[in-house]
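Asker: What follows is a predicted protein model with its sequence.
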Amino acid sequence: MFANHISQDSIMLSALRHQLIVSCQAPVNSPLYQPEMIAAIAAATVNQGAAGVRIDTPAHIRAVRQRLPQIPIIGLWKQVLVDYPVYITPRVEDAIAVIEAGADIVAIDATERDRCASADRPVPLGDLIGAIHDRGQLVMADIDSLSSAAQAVALGADLVGTTLYGYTELTQNQTPPAWELLADIAAQLDIFTICEGGVATPEMVCRALAGGADAVVVGTAITGIDLRTQAFLAGLPR
């Protein structure tokens, strides 16, 4: 059984290699923030060739899984916790809910915030990764630096993504996409790597793949109707 599980994981990553993954999310105050709407958006991207989707919250993951039973889902659950800065699937119970909803890969915050204070993470990163593996699913480590990527790999993460580059205290002065970080990971670590964050054009997708990414996640540029509308409105004369 274990060997078969590894084989299935390998098949899934092979299906995602050199492909586009679309993040299908919406602000909580948007009319699109409904499970059936997110599922429809996900189906539209898959119909046009997306190889996988990235989905937030168990209810949305469940709706997408019902509509797209064979498509790889990277699932997460953003949880704003009063006592902790990490928010992407921060606890074991969050990861379990994501898995039970139908995610194949669980994305977690794998930045090194816990170096600053022991209370910065509700559960040790290694324990979280282990709990996900115990339930037979892959772990995508959302990182912000080469150091955090290396730590995640050492702890057993199956994929790393540049998702949090530009969004942590360490990288707050940096603007994604994380081109240099992507090149460093490709040169120094043996891990399936996803370029995520700030990818806004087809040319950027090509640059990411040429620069070392195994796959690319695009979100707002494709599915961010609310944010894109705001951006265009900002260009109007006041």
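Answerer: Structure's in. What do you need?
Asker: Residue 191 is in contact with residue 156, isn't it?
Answerer: No. Judged on C-beta atoms under 8 Å, residue 191 makes no contact with residue 156 at a distance of 10.7 Å. From N, CA and C alone the C-beta is placed, and that goes for glycine too.
Asker: Return, as residue ranges, the portions of the protein with sub-threshold pLDDT.
Answerer: Residue ranges of the chain with pLDDT under 70: 1-9, 114-119.
Asker: ranges for the helices of it?
Answerer: Along the chain, the stretches classed as helices by DSSP state H are 2-16, 35-47, 58-67, 92-101, 125-134, 146-154, 179-188, 202-210, 220-223, 225-233.
Asker: Quick one: closest of these to residue 170.
Answerer: Nearest to residue 170, of all these, is helix 146-154, at 8.5 Å by C-beta to C-beta.
Asker: who's the most centrally placed residue in the chain bridged to?
Answerer: By C-alpha atoms, centre = their mean, the chain has its centre lying nearest to residue 107, at 5.1 Å. In this entry, residue 107 is beta-bridged to residue 140, by DSSP bridges.
Asker: picking up where we left off before, put together a markdown table for the helices of the chain, with distance to residue 22 and mean neighbour count on each row.
Answerer: A markdown table is the format used below for these (distance: least, C-beta to C-beta, whole Å; neighbours: other C-beta atoms under 10 Å):
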| stretch | distance to residue 22 | mean neighbour count |
| --- | --- | --- |
| helix 2-16 | 12 | 12 |
| helix 35-47 | 4 | 18 |
| helix 58-67 | 11 | 21 |
| helix 92-101 | 18 | 20 |
| helix 125-134 | 23 | 18 |
| helix 146-154 | 23 | 20 |
| helix 179-188 | 19 | 17 |
| helix 202-210 | 11 | 15 |
| helix 220-223 | 6 | 19 |
| helix 225-233 | 13 | 12 |
